[in-house]
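Engineer: fold the following and give me the result.
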Amino acid sequence: MSKKIVIIGGGPTGLGAAYRLHELGYSNWVLYEKTKDVGGHATSHVDKQGFVWDEGGHVIFSHYKYFDNLIDKVLGKEVHERIRESWIVNGESWIPYPFQSNLRYLPKDVQVSCLVGAAKAATNGGGAEAANFRDWILATFGEGIAHAFMFPYNSKVWTTPLDRMSKSWIADRVAVVDFKRLLENVLYQRDDVGWGPNSKFRFPLHGGTGEIYRRIAKHFPEKVQLGKQLVEIDPARRQISFADGTGDAYDVLISTAPLDLFVEMMKPADGRLREAATGLEHNNLLVVGLGLKKKIETGRCWIYFTDSDMPCYRATYFSHYSPNNVPNGDTESYSSLMCEMSFRVGDTPDPEKILEQVTTGLIKAKMLEDSDRSRVVSRYHRIVGYSYPIPTLGRDQALAMLQPALLEKGIYSRGRFGAWRYEIGNMDHSVMMGVEAVNNIVAGDKEEVFHSA
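Structural biologist: So this is what the prediction gives:
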């Protein structure tokens with residue numbers, strides 16, 4: 001008799017696991033999702049005016065052939081491919097991303113400060129010995145780049161003192177510097193914009209990012225149960241209970257629930273694991289959108305903001321990703337801008353107030369005109385709980401206790417918040433964690449993504 005595999009969560013990781021089981025012809029499994037739709041935080045929503053919005057900025061790029069092939073299977077040719085054009089707004093300056101490679105766009109005094117700081121950092125050997133993320137920034141980039149961009153931007157994203165964050169998550173998330181190249185870029189007035197795995201990306205033609213996961217789930221509709229809110233796990237009996245009074249038994253559990261919440265739901269309570277879970281911190285996200293009765297012709301994709309009077313850290317030209325993100329696909333008449341603002345757990349931002357501040361910020365940055373206020377036909381907002389798993393100094397120690405203890409009980413805690421590792425929290429990583437968990441359960445194959453450094 002094959003093992004009963006239960007999957008908690010219908011986001012990228014849960015559906016990656018489900019698709020792999022389906023692909024293998026393995027039949028003894030079921031997936032439970034708490035909401036009425038699949039996709040998790042990679043789902044999409046359509047507002048009353050017909051604009052499509054994602055739960056934050058998602059694009060399709062990949063480190064893995066399996067993921068690429070899966071996207072090809074479910075979307076076929078119904079994708080748009082884009083070359084990344086992203087910028088940083090810093091005061092009056094617009095700087096191509098990455099900031100540290102394109103200092104020539106800054107005022108001369110800021111250029112000098114950034115170059116002097118980078119030169120000092122280069123002679124001091126970089127951030128290998130840094131004790132935390134803040135120190136790593138200073139040691140790697142120098143004071144000029146740190147104060148002009150790295151400190152204000154990362155403080156916006158993480159809503160956490162940077163000296164409380166580890167440097168262990170950085171990997172390919174942050175472009176480091178080559179001082180000679182930085183200097184040449186300034187002297188020769190050269191743009192340097194190709195860094196990073198998402199320099200070219202794809203986006204679904206229809207339905208936003210959530211369309212990927214709706215189409216995956218259509219391969220096995222009888223296996224996906226929606227509206228099932230997990231409330232209790234009994235690891236000894238290998239049983240789970242839902243808010244509607246139903247439950248199920250499992251031999252192996254793949255959970256994509258936030259790890260801290262999952263541990264709280266374990267009965268009887270395990271004090272050791274609960275104590276470890278207090279070392280896991282996250283923040284939340286407010287997504288606001290402006291749908292305009294106006295055509296915006298642009299090659300821009302997303303814009304980063306450092307200034308404190310602009311509450312969001314990123315704005316996306318969402319109508320540029322696909323024409324079908326606006327009503328009736330009519331980009332001659334409509335456009336949309338989607339903005340993201342991180343906020344701390346316990347804070348309660350006022351969406352209407354933030355929308356006003358964001359609109360003013362977009363006008364100040366000359367992304368909109370003041371007259372565009374009258375052209376706004378959709379003012380969208382959504383609170384997204386559990387946005388960024390924060391790589392605090394205590395995170396790795398907590399995970400070193402939690403993950404092996406759960407695995408001993410037949411529980412694979414995977415995904416952006418199941419693994420609680422931002423550095424493997426992209427869609428491709430998340431899908432592959434589900435796929436590789438199944439490969440490990442069924443065939444004993446190593447989980448490469450989950451165990452990557």
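Engineer: contacts, neighbours, all on C-alpha from now
Structural biologist: Noted.
Engineer: what does stretch 186-200 rub up against?
Structural biologist: Stretch 186-200 is contacted by residues 61-63, 81-84, 96-98, 101-104, 172-173, 175, 184-185 when judged by C-alpha atoms under 8 Å, 6 or more residues apart in numbering.
Engineer: looking at those residues, which are in strands?
Structural biologist: Among the contacts of stretch 186-200, the residues falling in strands (DSSP state E) are 81-83, 96.
Engineer: between those, which has the most around it?
Structural biologist: Pro96 (22 neighbours; other C-alpha atoms under 10 Å).
Engineer: nearest residue to it other than its sequence neighbours?
Structural biologist: Trp87 (4.3 Å; C-alpha to C-alpha, 6 or more residues apart in numbering).
Engineer: where in the chain is the helix or strand with the lowest mean pLDDT?
Structural biologist: helix 179-187 (a mean of 81; mean pLDDT, DSSP states H and E).
Engineer: taking the contacts of stretch 186-200, please make a ChimeraX selection of just the buried ones.
Structural biologist: This is the ChimeraX syntax for the buried subset of those, where burial follows 16 or more other C-alpha atoms under 10 Å:
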select :61,62,82,84,96,97,98,101,102,103,104,185
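Engineer: any idea how the chain splits into domains?
Structural biologist: Segmentation of the chain into domains, based on automatic domain parsing, reads 5-44+67-78+205-279+392-443, 86-187, 281-390.
Engineer: can you give me the end-to-end span of the longest one?
Structural biologist: By that I understand domain 5-44+67-78+205-279+392-443. 14 Å (C-alpha to C-alpha, to the nearest Å).
Engineer: the second one too?
Structural biologist: Using C-alpha to C-alpha, the end-to-end distance of domain 86-187 comes to 22 Å.
Engineer: how far does it sit from the chain's center?
Structural biologist: 21 Å (C-alpha atoms, centre = their mean, to the nearest Å).
Engineer: then stretch 20-33?
Structural biologist: The answer for stretch 20-33 is 26 Å, by C-alpha atoms, centre = their mean.
Engineer: go on, stretch 353-370?
Structural biologist: Remark: stretch 353-370 is offset 24 Å from the chain centroid, using C-alpha atoms, centre = their mean.
Engineer: check stretch 256-274 too.
Structural biologist: Distance, centroid of stretch 256-274 to centroid of chain: 23 Å (C-alpha atoms, centre = their mean).
Engineer: can you pull the buried residues of it?
Structural biologist: Those would be 256-260, 262-266, 273-274, for stretch 256-274 by 16+ other C-alpha under 10 Å.
Engineer: which of those residues lies closest to Arg237?
Structural biologist: Nearest to Arg237 among the buried residues of stretch 256-274 is Met266, at 11.3 Å by C-alpha to C-alpha.
Engineer: give me the beta-bridge partners of the nearest residue to that closest one once chain neighbours are set aside?
Structural biologist: Leaving aside its sequence neighbours, Met266 sits nearest to Ile233 (C-alpha to C-alpha, 6+ apart; 4.7 Å). For Ile233, the beta-bridge partners under DSSP bridges are Ile240, Met266.
Engineer: right, and Ile233 touches Ala243 too?
Structural biologist: No. At 11.9 Å, Ile233 does not count as touching Ala243 under the criterion of C-alpha atoms under 8 Å.
Engineer: and the two? which has more neighbours close in?
Structural biologist: Ile233 (23 against 13).
Engineer: so, low pLDDT: which residues of the stretch 351-453 of the chain?
Structural biologist: The stretch 351-453 of the chain contains residues with pLDDT under 70 at 453.
Engineer: repeat that for 90
Structural biologist: 452-453 (pLDDT under 90).
Engineer: got the contact list for the residue nearest to Met266?
Structural biologist: 239-241, 265-267.
Engineer: returning to that earlier point: average pLDDT for the helix or strand following the least confident helix or strand of the chain?
Structural biologist: Scanning forward in sequence from helix 179-187 by DSSP states H and E, the next helix or strand is strand 200-204. For strand 200-204, mean pLDDT rounds to 93.
Engineer: pull the residues that contact stretch 128-148.
Structural biologist: 90, 100, 110, 113-122, 124-127, 150-151, 162-167, 176-177, 393.
Engineer: and Tyr153, how far from Asp309?
Structural biologist: 12 Å.
Engineer: more crowded one of the two?
Structural biologist: Tyr153 (23 against 11).
Engineer: please name the residues that touch the more buried one.
Structural biologist: 304-306, 313.
Engineer: try 10 Å this time
Structural biologist: Neighbouring residues of Tyr153 by C-alpha atoms under 10 Å, 6 or more residues apart in numbering: 88, 90, 146-147, 159, 304-308, 312-314.
Engineer: also Lys353?
Structural biologist: Here Lys353 is in contact with Thr359 (C-alpha under 10 Å, 6+ apart).
Engineer: can you check Glu85 too?
Structural biologist: 96-97, 193-194, 199-200, 298-303.
Engineer: which strands or helices does the helix or strand hosting Ile441 pack on?
Structural biologist: Following DSSP H and E, one finds Ile441 within helix 427-443. The helices and strands touching helix 427-443, judged by 3 or more C-alpha pairs under 10 Å, 6 or more residues apart in numbering; DSSP states H and E, are strand 5-8, helix 12-24, helix 65-75, strand 252-255, strand 411-413.
Engineer: quick one: closest of those to Asn328.
Structural biologist: For those, the distance to Asn328 is smallest for helix 65-75, at 19.8 Å, taking C-alpha to C-alpha.
Engineer: relative to strand 200-204, how tilted is that closest one?
Structural biologist: In terms of direction (axes from the mean of the first three to the mean of the last three C-alpha atoms, to 10 degrees), helix 65-75 departs from strand 200-204 by 30 degrees.
Engineer: before we move on, the earlier item: who wins for proximity to Ser452 among the domains of the chain?
Structural biologist: So among the domains of the chain, domain 5-44+67-78+205-279+392-443 is nearest, using C-alpha to C-alpha, at 8.4 Å.
Engineer: got the CA positions of stretch 342-359 in PDB?
Structural biologist: What follows is stretch 342-359 as a C-alpha-only set of coordinates in PDB (Å, rounded to 0.1, in the frame of the first residue of the first chain):
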ATOM      1  CA  SER A 342       5.900  46.600   3.600                       C
ATOM      2  CA  PHE A 343       4.700  47.100   7.100                       C
ATOM      3  CA  ARG A 344       5.600  45.600  10.500                       C
ATOM      4  CA  VAL A 345       3.400  43.000  12.200                       C
ATOM      5  CA  GLY A 346       1.100  44.900  14.500                       C
ATOM      6  CA  ASP A 347       0.900  48.000  12.300                       C
ATOM      7  CA  THR A 348      -2.400  48.800  10.600                       C
ATOM      8  CA  PRO A 349      -1.800  51.100   7.600                       C
ATOM      9  CA  ASP A 350      -4.800  53.100   6.200                       C
ATOM     10  CA  PRO A 351      -5.100  52.000   2.600                       C
ATOM     11  CA  GLU A 352      -6.900  55.200   1.400                       C
ATOM     12  CA  LYS A 353      -4.200  57.400   3.100                       C
ATOM     13  CA  ILE A 354      -1.400  55.300   1.500                       C
ATOM     14  CA  LEU A 355      -3.100  55.500  -1.900                       C
ATOM     15  CA  GLU A 356      -3.100  59.300  -1.600                       C
ATOM     16  CA  GLN A 357       0.600  59.300  -0.600                       C
ATOM     17  CA  VAL A 358       1.500  56.900  -3.400                       C
ATOM     18  CA  THR A 359      -0.300  59.000  -6.000                       C
END
